[in-house]
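**Q** below is the structure, and that's it, no one-letter string:
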């Protein structure tokens, strides 16, 4: 069961609902979004009905949810959500009305490489900068990222470009320091079932980009999002980045059907990562076009000024003609499916 609080509900009204639920042995998880607060209830449904929660001050509605994921389901939130990334002075929307282009280097290597990649991304139309300071790698001998030094470089590049930054956090112990620098926290595919980390980022007060686990079903993916939401954060963007199948021709298999399935099931925005799905730069543009066509809320793409020298995922990074082709697609195609490019929305505002 889910209690939807009215916009402007006070902390005291929220606390009163939580106390009423506890009085009959139930548990209440409070999630505060940008517009309103949602309280997820766990316990005996019949006992909850006896509380007459709809009559309490500050309560807008009460819903009985059949989905195992209560807070991220569309059963109580019919309209799809928009997540705003960045400081109040320069927020970028990710949601159903816009198409958001996120780009940057897979890994922060040097200050020079990162600012050059950011300029490339911004010139192509990207409004959010991606870049990895902490890199979870399959091999312990591969480049693991610059850590806090990488976060400092990203912060400097944000200052120079005005682009909000999204970067990955891989350890619950690092959440606080990453949140200090980042505008959006990313959970990668390897940590999509790291429930302690999911709960920690839910408490950090920053929007979260949650990639799909490489073998996760859509329900498992949404349940991972529920961990974040239950910890008090509804500002979650899902990212389809391909799943592991028997097919070896691509790095992963992009599940393009996941986009409309998720949009019918959950109110959360969903974007696509064509770089990690295909693993090859020649696949990024066609997969991006497919993402736009099927209704994704955005794409997140790797760019690098010197892919052949990249310390991480060089074969999938774009530059030159490939990046220009992607920029053209991102500029022209979203309008065909009723979307406004996030940068165009910014100009109109």
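**A** Structure's in. What do you need? Note that the structure is predicted; figures quoted are calculated from it, not measured.
**Q** now the strands for the stretch 151-300 of the chain?
**A** 165-168, 184-187, 208-211, 236-240, 270-272, 298-302 (DSSP state E, counting those that start in this stretch).
**Q** mean neighbour count and mean pLDDT added to those, as a markdown table?
**A** C-beta: built from backbone N, CA, C; applies to glycine. Listed next are the strands of the stretch 151-300 of the chain as a markdown table, based on neighbours: other Cβ atoms under 10 Å; pLDDT from 0 to 100:
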| stretch | mean neighbour count | mean pLDDT |
| --- | --- | --- |
| strand 165-168 | 25 | 98 |
| strand 184-187 | 25 | 98 |
| strand 208-211 | 26 | 98 |
| strand 236-240 | 28 | 98 |
| strand 270-272 | 27 | 98 |
| strand 298-302 | 29 | 98 |
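**Q** is it possible to get JSON lines of these that adds distance to residue 331?
**A** Output for the strands of the stretch 151-300 of the chain, formatted as JSON lines (distance: least, Cβ to Cβ, whole Å):
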{"stretch": "strand 165-168", "distance to residue 331": "21"}
{"stretch": "strand 184-187", "distance to residue 331": "23"}
{"stretch": "strand 208-211", "distance to residue 331": "23"}
{"stretch": "strand 236-240", "distance to residue 331": "21"}
{"stretch": "strand 270-272", "distance to residue 331": "17"}
{"stretch": "strand 298-302", "distance to residue 331": "13"}
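**Q** of those strands, which is nearest residue 63?
**A** Shortest separation from residue 63 across the strands of the stretch 151-300 of the chain is recorded for strand 236-240, at 18.9 Å, computed as Cβ to Cβ.
**Q** re the thing from before, which stretch among the strands of the stretch 151-300 of the chain comes nearest residue 281?
**A** strand 298-302 (8.5 Å).
**Q** quick one: that closest one to strand 236-240, angle?
**A** 60 degrees (axes from the mean of the first three to the mean of the last three Cα atoms, to 10 degrees).
**Q** okay, now the unreliable bits of the stretch 201-349 of the chain?
**A** Counting by pLDDT under 70, the stretch 201-349 of the chain contains low-confidence ranges at 342-349.
**Q** how about the helices of the chain, start to end?
**A** 11-23, 45-49, 111-123, 148-161, 175-181, 195-202, 218-230, 258-265, 274-278, 281-294, 320-332, 342-348 (DSSP state H).
**Q** in TSV: the ones you listed, plus mean neighbour count and distance to residue 129.
**A** Shown next, in TSV, are the helices of the chain (neighbours: other Cβ atoms under 10 Å; distance: least, Cβ to Cβ, whole Å):
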stretch	mean neighbour count	distance to residue 129
helix 11-23	15	35
helix 45-49	13	44
helix 111-123	20	5
helix 148-161	18	7
helix 175-181	17	12
helix 195-202	20	19
helix 218-230	22	22
helix 258-265	17	23
helix 274-278	26	14
helix 281-294	20	17
helix 320-332	17	14
helix 342-348	15	13
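**Q** possible to save the ones you listed as JSON lines with distance to residue 55?
**A** Shown next, in JSON lines, are these (distance: least, Cβ to Cβ, whole Å):
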{"stretch": "helix 11-23", "distance to residue 55": "11"}
{"stretch": "helix 45-49", "distance to residue 55": "12"}
{"stretch": "helix 111-123", "distance to residue 55": "52"}
{"stretch": "helix 148-161", "distance to residue 55": "47"}
{"stretch": "helix 175-181", "distance to residue 55": "38"}
{"stretch": "helix 195-202", "distance to residue 55": "30"}
{"stretch": "helix 218-230", "distance to residue 55": "25"}
{"stretch": "helix 258-265", "distance to residue 55": "31"}
{"stretch": "helix 274-278", "distance to residue 55": "49"}
{"stretch": "helix 281-294", "distance to residue 55": "43"}
{"stretch": "helix 320-332", "distance to residue 55": "49"}
{"stretch": "helix 342-348", "distance to residue 55": "40"}
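**Q** for those, which one sits closest to residue 68?
**A** Comparing these under Cβ to Cβ, the one sitting nearest is helix 218-230, at 6.4 Å.
**Q** all set now, cheers.
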